[in-house]
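Novice: need a structure here:
(chains A and B)
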Amino acid sequence: MNKPFYITTTLPYVNAEPHLGHAMEFVRADVITRYKKLQGYDVFFNTGMDEHGTKILEGAIKEGIDVQEYVDRNSARFKELYPKLGITNEINFIRTTEERHIKAAEEMWKRCNDNGYIYKKEYEAKYCVGCELYKTDSELVDDKCPIHPNREIEIIKEENYFFAFSKVESKLRELYEKNPTLVIPDFRFNEIKAFLDRGLEDFSISRLKTKMPWGVPVPGDDEHVMYVWFDALTSYISTLEWPEAGDFEKYWEQSGAEKREVIQYCGKDNLRQQSLIWQGMLLAAGLPTTTNIIIDGFIISGGQKMSKSIGNVINPFDILEMFKELTDYPEDVLRFILLHEVPSFEDGDLTVESIKIAYTAYLANGIGNLTSRIMRMLNTYNIDNIEIPANSWTNEFIATLESYDTNKGIKYVMHEVKSLDEYIQSTEPFKLIKTDKEKAEVILRECAVRLYGIGRMLNPFMPKTGAMIKSLVKENKMPEKPLFNRLP
RNA sequence: AGCGGAGUAGAGUAGAGGUAACUCACGAGGCUCAUAACCUCGGGACACCAGUUCGAUUCUGGUCUCCGCAACCA
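Specialist: Numbering: from 1, shown residues only, chains lettered A, B, ... in the order given. Take a look at the predicted model:
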């Protein structure tokens, strides 16, 4: 059976520490990956690090270290995070400083160039002599560099390479028309369609090497390096060793597959880059486009953006730390919080307080307690040999994941936890066992099967917890200690 | 200016053209299998103004407020 599936996160730009937004994107993509694997797909799951460009150079200069050293160190920091999030270890990494990536970026450039989408034009760039860096309008305050307000910003006229965005405009429009679910959710798609309708301007895709050397060289021109976006976006296929055919053919082109599925996850700040620029590049190079781009919202805290000056920053490591004494599955707790407390497509709010409340309500009092009470009864009353039915995922549950609504998916599971608690209370098997043993046993077997079903559904979301619940039911074992201890 | 999103009980969120749901907090009761857990009941909400409709909180228009984007910022 040929069921290939490709999914990638955006590659984080490694000029800062990993934050909750990164963690959330990884976790969601991981949930989809695990779900698809359980459905029999051959999944290529990609992530990596974006390591070129001005900001990286700036960061390295600031710390006074070699740029390669800087990206090596920061990339390691990110790589550390994946296992702590319970991300499957069958994950592919690409760093944009890798040789295979640089080759792919050069090839992408050549193809766009050969097809007539790249041309040279004079460009006015703003440059701060103090920083020795290019600056964008949004970085300047009153047309001055905030770090060097006493120096004038230099306007550099230089020959730059431009991408003929305007030339792919009609192709993009056609792509959008033919693929009504290209961008998910639909309100984001509307946003980008409206943007496209206003018309696209060509944009600069190179920088002078003398001013910004940290990038992939432009093929055939020693004086320029590629603008970081052009190189970074190519990583989604350089990870497949493109332009070599092998994995690219299998996972990106998916020629023999029933339905082509090439999925990208990204934050809402990336809408334009992923849905417009990257798709435009693929079209220009004559390559198949992405089939679905899933746009995440942001995580805020207490109604405000997380920021160091407000002091409301919560990073993934903090949450793991909070729960490491209480459970053997802190990564599942973090996954749960991100999946359950943040809407799938809109902004969500997390505070230390809200995280604790959710943990107590759903994990300690919910799943953990439910597991204990059922397993205790099965044990005490010696009810053994539970027959596990072959498949128990309902269509309603599957539909949540097929539409990438991971938040709705895990809420569905939590609802089942709740209704199983209600079922126990209303049927009272613990009372019935004294008067009608047979009937009590029927009820408890039903409970065991339903608990096992919860374990199964939990699988993509909270893999370790799901596996533990399943094995407890199978072996008719009481958990040695609570799955999720209550907070002190 | 423009574009997109949002305004639902004390807080955080669901939801739908016709008894507004969930988690936490609060009040009352129940159960004892369970992690002082679990179950039941109760109080309390659809920003504002018009329109469409038998009927709107849900659709349309407007107002106010908040958030994001406003391109070469990765």
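Novice: is the helix ranked longest in chain A anywhere near RNA strand B?
Specialist: In chain A, assigned by DSSP state H, the helix with the most residues is helix A:437-461. No: applying CB under 7 Å from any atom of the strand, one finds helix A:437-461 separated from RNA strand B by no less than 9.0 Å. In this view, the C-beta of every residue, glycine as well, is placed from N, C-alpha and C.
Novice: And the helix or strand following that helix, what's buried?
Specialist: The first helix or strand that comes after helix A:437-461 along the chain, using DSSP states H and E, is helix A:463-475. By neighbour count on 16 or more other CB atoms under 10 Å, the buried set for helix A:463-475 is A:P463, A:K464, A:T465, A:G466, A:M468, A:I469, A:K470, A:L472, A:V473.
Novice: RNA strand B versus the fourth one, what's the distance?
Specialist: Which is A:G466. Taking CB to the nearest atom of the strand, to the nearest Å as the measure, A:G466 falls 14 Å from RNA strand B.
Novice: quick one: pLDDT of that residue?
Specialist: Predicted confidence (pLDDT) for A:G466: 97.
Novice: so what's it closest to, chain neighbours aside?
Specialist: A:L458 (3.4 Å; CB to CB, 6 or more residues apart in numbering).
Novice: Distance of that neighbour relative to RNA strand B?
Specialist: 13 Å.
Novice: show me the contacts for A:F230.
Specialist: For A:F230, the contacting residues are A:A105, A:M108, A:W109, A:F163, A:I205, A:M281, by CB atoms under 8 Å, 6 or more residues apart in numbering.
Novice: Would you report the backbone torsion angles of the fifth one?
Specialist: Main-chain torsions, A:I205, degrees, to the nearest 10: phi -120, psi 20.
Novice: element containing A:R73?
Specialist: helix A:67-84.
Novice: Quick check: which helices or strands does that helix pack against?
Specialist: Counting contacts by 3 or more CB pairs under 8 Å, 6 or more residues apart in numbering; DSSP states H and E, helix A:67-84 packs against helix A:20-38, strand A:42-49, helix A:54-63, strand A:92-95, helix A:316-323.
Novice: Counting neighbours, which bits of the longest helix of chain A end up buried?
Specialist: Buried residues in helix A:437-461 (16+ other CB under 10 Å): A:440-441, A:443-448, A:450-461.
Novice: Ok, stretch A:406-419 next?
Specialist: Buried residues in stretch A:406-419, defined by neighbour count with 16+ other CB under 10 Å: A:T406, A:N407, A:K408, A:G409, A:I410, A:Y412, A:V413, A:M414, A:E416, A:V417.
Novice: got it, and stretch A:97-106?
Specialist: Buried residues in stretch A:97-106, counted by 16+ other CB under 10 Å: A:T97, A:E98, A:H101, A:I102, A:K103, A:A104, A:A105, A:E106.
Novice: now do stretch A:136-145
Specialist: Neighbour-count burial for stretch A:136-145 flags A:E139, A:C145 (criterion: 16+ other CB under 10 Å).
Novice: Rounded mean pLDDT for that stretch, please.
Specialist: 70.
Novice: neighbouring contacts of it?
Specialist: A:K126, A:C128, A:G130, A:C131, A:K135, A:P146, A:P149, A:R151, A:E152, A:I153.
Novice: Need the distance between the two termini of that stretch.
Specialist: 10 Å (CA to CA, to the nearest Å).
Novice: now it: how far from the chain's centre is it?
Specialist: In terms of CA atoms, centre = their mean, to the nearest Å, the centre of stretch A:136-145 is set 31 Å apart from its chain centre.
Novice: Show me the contacts of A:F230 that map onto helices.
Specialist: Short answer: those in helices (DSSP H) are A:A105, A:M108, A:W109, A:M281.
Novice: quick one on the thing from earlier: in a markdown table, list the buried residues of stretch A:406-419 along with secondary structure.
Specialist: What follows is the buried residues of stretch A:406-419, written out as a markdown table (DSSP: H, G, I helix; E, B strand; the rest coil):
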| residue | secondary structure |
| --- | --- |
| A:T406 | helix |
| A:N407 | helix |
| A:K408 | helix |
| A:G409 | helix |
| A:I410 | helix |
| A:Y412 | helix |
| A:V413 | helix |
| A:M414 | helix |
| A:E416 | helix |
| A:V417 | helix |
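Novice: Which residue would be the closest one in chain A to RNA strand B?
Specialist: Closest residue of chain A to RNA strand B, CB to the nearest atom of the strand: A:G368 (1.5 Å).
Novice: Does that residue touch A:L483 like I think?
Specialist: Yes: using CB atoms under 8 Å, A:G368 is in contact with A:L483, at 4.1 Å.
Novice: Can you mark which positions in stretch A:50-58 are buried?
Specialist: By neighbour count on 16+ other CB under 10 Å, the buried set for stretch A:50-58 is A:D50, A:E51, A:H52, A:G53, A:T54, A:K55, A:I56, A:L57, A:E58.
Novice: hang on, the first one packs against A:L233?
Specialist: Read it as A:D50. No: counting by CB under 8 Å, A:D50 stays clear of A:L233, with 9.3 Å between them.
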